[in-house]
Each structure stands twice: as C-alpha cells, then as structure tokens.
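Asks: Let's see this in three dimensions:
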Amino acid sequence: MDGPRPDPRFDGKLALQQRVLTVYRAAFFEALAQVCEHGLNVCAGLPRLEESIAVTDQILCANFHAIKNEHLLKGRLYLCYQRGLPDWLETCAPDTLIVEANPRYLSTPAAIRWMKRRDRPVIGWGLGARHPSGSTHFWQNWAEWPREAFRHSFVNQFDAFLTYSRRGAQEYEALGFPADRIFVAPNAAARRPSRPLVDRPMEFNGKPVVLFVGRLQARKRIDLLLQACAALPAAIKPRLVIVGDGPEREALEKLAKGVFSPAEFTGSKHGAELAAYFSEADLFVLPGTGGLAVQEAMSYGLPVIMGQGDGTNDELVRPENGWQIRPDDLPALTKSLRIALSDVKRLRAMGAESYRIVKEEINLEKMVGVFVEALNSVK
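Replies: Numbers count the residues shown, from 1 in each chain. All right, here's what the predicted structure looks like:
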C-alpha cells in the first residue's frame, strides 16, 4: 500500500524580498523555509516610525538579512529604496527570487536585472494592479497612456505572479499577464486549526457576545462599533468586549461612557486568556480595515463582520460566513449586526462555515502549497 504523499517541495534556493518583515508573517516564512530544499533567504528593512508596524528579524530555519530602507516622500508620493539589494543577491545566489510587486520600491528593478542576467526567474508577489483612477477604461483617455505603458512594462517583467485574491489575479490579467502564470494564495496568518469546532448552544447564554480583538487605532473604526451596538434593539443589544491596546484606547473609553457604557475594554490578552474570549463570543466584528485576528476568530467557529479592504479578505469573509461592509458605513454596520444577532441558528451555521474555511482552504499550509506550485512552474 502506498504511504502518505509527501508535501510539495521546491528543489532550489529561494530568496525573498520584503520592505519590512512583520511579526505575523514570520510563521509563514518559517513554514516556507521547511519546503525549500536548499534554503530560504529573506531580506527586509525597517518601517517609518509613524507606521507603528511590529517587525522581527527572527525566522526559524531561514537566513535573514537586514537591509537599509531609505524612505522618500510621503503619502501617495511615497517611495522606498533598499540599499544593497544586488549585493545581498550576490551573497545568497538564489535559484529563484520573489519580490513585492510594488513599483514604489525603486531598488527592485536592479534586483530583477541581476536575476535576469543569470537567466533565473523572478516572481512578483502583490495585492493586484488596480488602476489609480479605479476606471477599467483608462485607454479612452490619451493622457493615461504613458502611465499605462509603465504599468504594463512593470507587470510583464515577472515570470509569474502570486496574489492574495481572484480580484488581484484579474487585475494582473487585465494588464496582459498570462492567466496560467498567476497563482492565488489567500492571505493566511495561522496554521490549520487542530482544535475541534467550539460547541455553542442554539440560543444565547444571556446577552449575545460581540468581540473585537486587535490594536486600538483609528482605522479599526471601533467608534462606529460602539455607536452601532447602542443603536440595536434592546432584545439583541449585546455584551461588547474589546480586547487590545493602542493609541486610541483612552479616547475610545471616554467615547464609550457617553455612547455605549456597557462596553468592556480588557487590554491586551494572549494565550489561554485570549482563547477564552474567542470561545465565549458569538460574533467577531472588525468594522475598519486590517486585523490579523479575523482568521483566529474563524478558527474558533465565529462568523465575522469586517470592513472591506484591498481584496485580501474576499476569499476569507463570504456571504456564507459573514458580512463585508464599507469601513465608514455606520448604517451598514448596524444593519449587519441586527441581522447577525436576530437568528442564532443561522449565526451558528455561519460560524461552522468560518471554521471549515480556515481548516480546509485558507491557512499557512495551503498558502505554502500555492507558493511551491508557483516556484515549480518557473524552474
């Protein structure tokens, strides 16, 4: 009898460029390193101080190289130059290179040229290539042609693309990149859950529990969550638990006293303490953008309400397991909460679907598998 099939592997040395190495991404790189037969080399620099990004230089099983990021201009004009990128490639001599496919990174073309001169493939990893105007008919405006020519040229210098969503894949394809060389790897921040689905009763144990977990900052729009909970009918008015800390905590606690005084601010929680909050909740809500706790909430069988972002969560939060709303839309948030909390049986079914999605479709193991598929396609 045949034994279990081995996990797919990349028989080569891989180099991977990042602008910054976030703490949450380290687990993915560690898992990827384990399937690269001849090693994984990662380079990254530091963010701007105002970004408040948690970074690390520790990746198990991989070689990390700290590179100097030079941040130029700000806002929509922001550019980044990573000094010494070709020198790093000389040192690690990879068979394949994966880079962030962002034209704002001025040193990336030099890295691509280094690889191309040695006839080695380069894979772009990006969110997509949506036109800045949002229009799909930019060709009708002759003034856009130079910019569009640059976008075509930038995208088509890669040998393959990795992107988080079908939306991103469609945007690259719209720029003429071959569909069979675009690989969709939904963004995962956690491994496949090993724990069983939390068994919740088909009726609320007192008030329904609405949970937020994350950094307390303006873009998370917790202010709207307070207002939306206050606007719900008394019969489904929830117990709102806000787990986390951050620069907006004092202001939010002050706002809560006047808007929704029952709101509970617990501060940061980790490990078993955090697991208890996930297990006791009925619904997870992230009204703004970002938020790595969504997948962890889903692994505890929680349905999700979250703000729409750049498409990276389109695969994660679907009508079957939650609601995506515009980040600044208080009426939509209030309506979604009312619908969610009005039918316990439906809510539990949506939670079970959340669990299935992160167990079977979107997890670190699946993401690594897509990366290996892309790597093997360009050998």
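Asks: Which phi and psi values does the residue at minimal distance from the centre of the chain adopt?
Replies: Centroid-nearest residue in the chain: residue 187, 4.8 Å away (criterion: C-alpha atoms, centre = their mean). Dihedral pair for residue 187: phi -60, psi 120, per degrees, to the nearest 10.
Asks: Distance of it relative to residue 22?
Replies: Going from residue 187 to residue 22 by C-beta to C-beta, to the nearest Å gives 12 Å. All C-beta atoms are positioned from the backbone trio N, CA, C, and that covers glycine.
Asks: now do residue 225
Replies: In terms of C-beta to C-beta, residue 225 sits 24 Å off from residue 22.
Asks: of those two, who's got more company?
Replies: residue 225 (28 against 17; other C-beta atoms under 10 Å).
Asks: Which parts of the protein belong to which domain?
Replies: What automatic domain parsing lists as the domains of the chain is 14-191+363-377, 209-360.
Asks: Just put those in JSON lines and tack on distance to residue 200 and mean pLDDT.
Replies: As requested, the domains of the chain are exported to JSON lines (distance: least, C-beta to C-beta, whole Å; pLDDT from 0 to 100):
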{"stretch": "domain 14-191+363-377", "distance to residue 200": "20", "mean pLDDT": "91"}
{"stretch": "domain 209-360", "distance to residue 200": "6", "mean pLDDT": "94"}
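Asks: Skip the chain neighbours and tell me the closest residue to residue 218.
Replies: Among residues not flanking residue 218 along the chain, residue 248 sits closest, at 5.8 Å (C-beta to C-beta, 6 or more residues apart in numbering).
Asks: Correct me if wrong: that neighbour contacts residue 216.
Replies: Yes - the pair residue 248 and residue 216 qualifies as a contact (C-beta atoms under 8 Å) at a distance of 4.6 Å.
Asks: Could you name the helices and strands sitting against the helix or strand where residue 123 lies?
Replies: Element membership for residue 123, per DSSP states H and E: strand 122-126. Contacts defined by 3 or more C-beta pairs under 8 Å, 6 or more residues apart in numbering; DSSP states H and E place strand 122-126 against strand 96-100, helix 108-117, strand 160-163.
Asks: So what touches that strand?
Replies: Contacts with strand 122-126, where a contact means C-beta atoms under 8 Å, 6 or more residues apart in numbering, come from 96-102, 111-112, 115-116, 155, 157-163, 168, 172, 374-375, 378.
Asks: Now the buried members of those.
Replies: 96-101, 111-112, 115, 155, 158-163, 168, 172, 374-375 (16 or more other C-beta atoms under 10 Å).
Asks: Could I get the full set of helices for the chain?
Replies: Using DSSP state H, the helices assigned to the chain run over residues 26-33, 85-92, 108-117, 145-155, 166-174, 222-230, 249-259, 271-280, 293-299, 330-341, 344-360, 364-377.
Asks: Make TSV out of those and add distance to residue 195.
Replies: Formatted as TSV, the helices of the chain follow (distance: least, C-beta to C-beta, whole Å):
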stretch	distance to residue 195
helix 26-33	17
helix 85-92	38
helix 108-117	40
helix 145-155	41
helix 166-174	29
helix 222-230	27
helix 249-259	30
helix 271-280	9
helix 293-299	7
helix 330-341	23
helix 344-360	10
helix 364-377	16
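Asks: wait, which of the ones you listed is closest to residue 68?
Replies: For residue 68, the closest of the helices of the chain is helix 85-92, at 10.0 Å, according to C-beta to C-beta.
Asks: How about that closest one, which residues are buried there?
Replies: Neighbour-count burial for helix 85-92 [16+ other C-beta under 10 Å]: 85, 88, 89, 92.
Asks: ok, now stretch 197-211?
Replies: Buried residues in stretch 197-211, counted by 16+ other C-beta under 10 Å: 197, 198, 200, 204, 208, 209, 210, 211.
Asks: what's the span of that stretch, first residue to last?
Replies: Stretch 197-211 has an end-to-end distance of 18 Å (C-alpha to C-alpha, to the nearest Å).
Asks: what comes into contact with that stretch?
Replies: Taking C-beta under 8 Å, 6+ apart as the rule, stretch 197-211 contacts 225, 229, 236-241, 243, 277-285, 297, 300-302, 337, 341, 344-345, 348, 351-352, 355.
Asks: How far off centre is it?
Replies: 27 Å (C-alpha atoms, centre = their mean, to the nearest Å).
Asks: again, but for stretch 21-40
Replies: With C-alpha atoms, centre = their mean, you get 16 Å for stretch 21-40.
Asks: is residue 210 in a bridge, and if so with what?
Replies: Taking DSSP bridges as the rule, residue 210 bridges to residue 240, residue 283.
Asks: do residue 40 as well
Replies: residue 14.
Asks: residues in contact with it?
Replies: Contacts for residue 40 (C-beta under 8 Å, 6+ apart) come out as 13, 14, 15, 16, 29, 32, 33, 59, 61, 62, 63.
Asks: Give me the number of neighbouring residues for the nearest residue to residue 293 once chain neighbours are set aside.
Replies: Take residue 293 and drop its neighbours on the chain: the residue closest to it by C-beta to C-beta, 6+ apart is residue 213, 4.0 Å away. Burial of residue 213 is recorded as 24 neighbouring residues (other C-beta under 10 Å).
Asks: and residue 213, what does it touch?
Replies: Contacts of residue 213 by C-beta under 8 Å, 6+ apart are 243, 244, 269, 274, 277, 278, 284, 293, 296, 297.
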